[in-house]
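**Student:** Sequence first, then the predicted structure:
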Amino acid sequence: MIDDDKRIAAEDAVAEIRDGMLVGIGTGSTVAFAIRAIAARLPELRQAIFFATSIATEQAARDAGIPIGRFARTSRLDLTIDGADEIDPALRVIKGAGGALLREKIVAAASERMVVIADGSKQVERLGTAPLPVEVLPFARGFVAARLAALGAEPVLRMADEGSWRSDQGNIIFDCHFASFPDPAGLAVALQAIPGVMGHGLFLREVDAAYIADRGTVTKMERNTT
């Protein structure tokens, strides 16, 4: 049922793509359904170019026949489609379970419009139930861990079979558990001020719309820009 919800949310979001657009593709299990939906529309999107937020997404997209451009050669995108670990009523999002949060943040910032896709389990009244990923320069591991703890976090180093998990940039990730953080904007500022923090998973103003599917019904949330 959850996979069905992810699929229909992804299909609705992919319907926003028009031929000729420059489109960012996020990372994660829900985005895998978006990749399939994009591949199905390729005959009508011959002039569209797509940009991946991770090596894993790039490989999956290429395997599906989707043309992938080099993001380093562009400065703006028309649209980005990505997933979310949590999303609140104000379209504030926690991302990064897939480990691509830094590239996702950059691609989101370059996009005229960002939409997220999720199943209903990702909707929350207040952010903070999911751990907050923080990408860190390995050299600063101990220092940043202490600073994160001073902010009220319990930082847990993400691990892989061969040791500490590494991002596509070669950085480590702390999954930070907070008892609560009532001020996400203030926390974002505090995190970014720590030397050695390369990025964090709070997406507070980047998301313009969300397609949330719950038990077969998709609800579209749009940011109020007035």
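**Tutor:** Noted; the coordinates are in hand.
**Student:** May I have the phi/psi pair for residue 123?
**Tutor:** Torsion angles at residue 123 (phi, psi; degrees, to the nearest 10) stand at phi -80, psi 130.
**Student:** Please name the residues that touch residue 11.
**Tutor:** 33, 37 (Cβ atoms under 8 Å, 6 or more residues apart in numbering). (Each C-beta comes from the backbone N, C-alpha and C, glycine too.)
**Student:** Roughly how far does it sit from residue 91?
**Tutor:** According to Cβ to Cβ, to the nearest Å, residue 11 and residue 91 sit 20 Å apart.
**Student:** swap in residue 140?
**Tutor:** With Cβ to Cβ as the criterion, residue 140 and residue 91 are 31 Å apart.
**Student:** For the most centrally placed residue in the chain, which non-adjacent residue is spatially closest?
**Tutor:** What sits nearest the mean C-alpha location of the chain, by Cα atoms, centre = their mean, is residue 95, with 4.6 Å. Nearest non-adjacent residue to residue 95, counting by Cβ to Cβ, 6 or more residues apart in numbering: residue 201, 4.8 Å away.
**Student:** Then residue 103?
**Tutor:** Per Cβ to Cβ, 6+ apart, closest to residue 103 is residue 53, 4.5 Å.
**Student:** for the one you found, what are its contacts?
**Tutor:** Contact partners of residue 53, counting by Cβ under 8 Å, 6+ apart, are 24, 25, 26, 27, 82, 100, 103, 104, 107.
**Student:** According to the record, where do the domains of this protein fall?
**Tutor:** 2-124+204-215, 132-200 (automatic domain parsing).
**Student:** Quick one: the helices in this structure, in order.
**Tutor:** Ranges of helices within the chain are 2-14, 29-41, 55-63, 101-110, 141-150, 184-192, based on DSSP state H.
**Student:** Those: which one's closest to residue 177?
**Tutor:** Among those, helix 141-150 comes nearest to residue 177, with 10.2 Å by Cβ to Cβ.
**Student:** now the closest one against helix 184-192, angle please.
**Tutor:** Per axes from the mean of the first three to the mean of the last three Cα atoms, to 10 degrees, the angle that helix 141-150 makes with helix 184-192 is 160 degrees.
**Student:** I'd like the average pLDDT over helix 141-150.
**Tutor:** Helix 141-150 carries an average pLDDT of 98.
**Student:** Only C-alpha atoms, please: export that helix in PDB.
**Tutor:** Output of helix 141-150 as PDB, limited to C-alpha atoms (Å, rounded to 0.1, in the frame of the first residue of the first chain):
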ATOM      1  CA  ARG A 141      34.100  14.900  13.400                       C
ATOM      2  CA  GLY A 142      34.800  15.200  17.100                       C
ATOM      3  CA  PHE A 143      34.500  19.000  17.200                       C
ATOM      4  CA  VAL A 144      31.200  19.000  15.300                       C
ATOM      5  CA  ALA A 145      29.800  16.200  17.400                       C
ATOM      6  CA  ALA A 146      30.400  18.300  20.600                       C
ATOM      7  CA  ARG A 147      28.800  21.400  19.100                       C
ATOM      8  CA  LEU A 148      25.800  19.300  18.000                       C
ATOM      9  CA  ALA A 149      25.400  18.000  21.500                       C
ATOM     10  CA  ALA A 150      25.600  21.500  22.800                       C
END
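**Student:** give me the low-pLDDT residue ranges for this protein?
**Tutor:** Counting by pLDDT under 70, the chain shows low-confidence ranges at 225-226.
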